[in-house]
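Engineer: Based on what follows, work out the 3D shape:
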Amino acid sequence: MLFALMYTVSVLLIGTLALRASPGKRRWFFMGLTLSLLLVGLVFGTALWLGQIPPEAVTITTMQGLAIGITDRYHRSGRIPTTLSEWAHEQGIDREITDGWGRAILFRRDGDSTITVESLGKDGRKGGTGRDADITLTFDAAEPY
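Structural biologist: Coordinates of the predicted model:
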């Protein structure tokens, strides 16, 4: 994450300097930028393909995406789905929403607009510590995300 942030800042800084350069130098800059972006994409894509992204990170990212999507739906339509599969079907997703270990993410509505999504961790059982710990995200869909 820190690498990606440093990379982005350096590209923006170099890009600002490149816009002040001559057209010939700008061409080389953009060619180098394109190649470096391809290289970064290749590295991250390979890491994903090889399974180097921790299942916890996949789970947290999925849950945050759900929070954003459900909150957006609430602000557009005034409705909150009663189940996660209802929301997924409306989004055109034909499969179950799963965590980083391939298990279904649990969905619970705790009132008018409070939603809890939960993963049971690596072991698939309630509770646990370390990688077996549950991952829970509770959010209020009425609040802007």
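
Engineer: Surely A133 is in contact with S119?
Structural biologist: No. Contact criterion CB atoms under 8 Å: A133 and S119 do not qualify, at 9.5 Å. Every C-beta, even on glycine, is put in place using the N, C-alpha and C of the backbone.

Engineer: okay, the two: which has more neighbours?
Structural biologist: Neighbours were tallied for A133 and for S119 using other CB atoms under 10 Å; the higher tally belongs to S119 (26 against 15).

Engineer: got any ranges where the chain has weak pLDDT?
Structural biologist: Across the chain, the ranges flagged by pLDDT under 70 are 1-45, 47-51, 145.

Engineer: How is this structure partitioned into domains?
Structural biologist: Domain assignment for the chain by automatic domain parsing gives 2-49, 55-140.

Engineer: for the nearest residue to A142 once chain neighbours are set aside, phi and psi?
Structural biologist: The shortest distance from A142 to any residue other than its chain neighbours is 4.0 Å, reached at S113 (CB to CB, 6 or more residues apart in numbering). Dihedral angles of S113 (phi, psi; degrees, to the nearest 10) stand at phi -140, psi 10.

Engineer: got it, and D123?
Structural biologist: In this entry, D123 is assigned phi and psi values of phi -80, psi -10 (degrees, to the nearest 10).

Engineer: The residue nearest to A142 touches A141, doesn't it?
Structural biologist: Yes. S113 sits in contact with A141 when judged by CB under 8 Å, with a separation of 4.6 Å.

Engineer: Many thanks, we can stop here.
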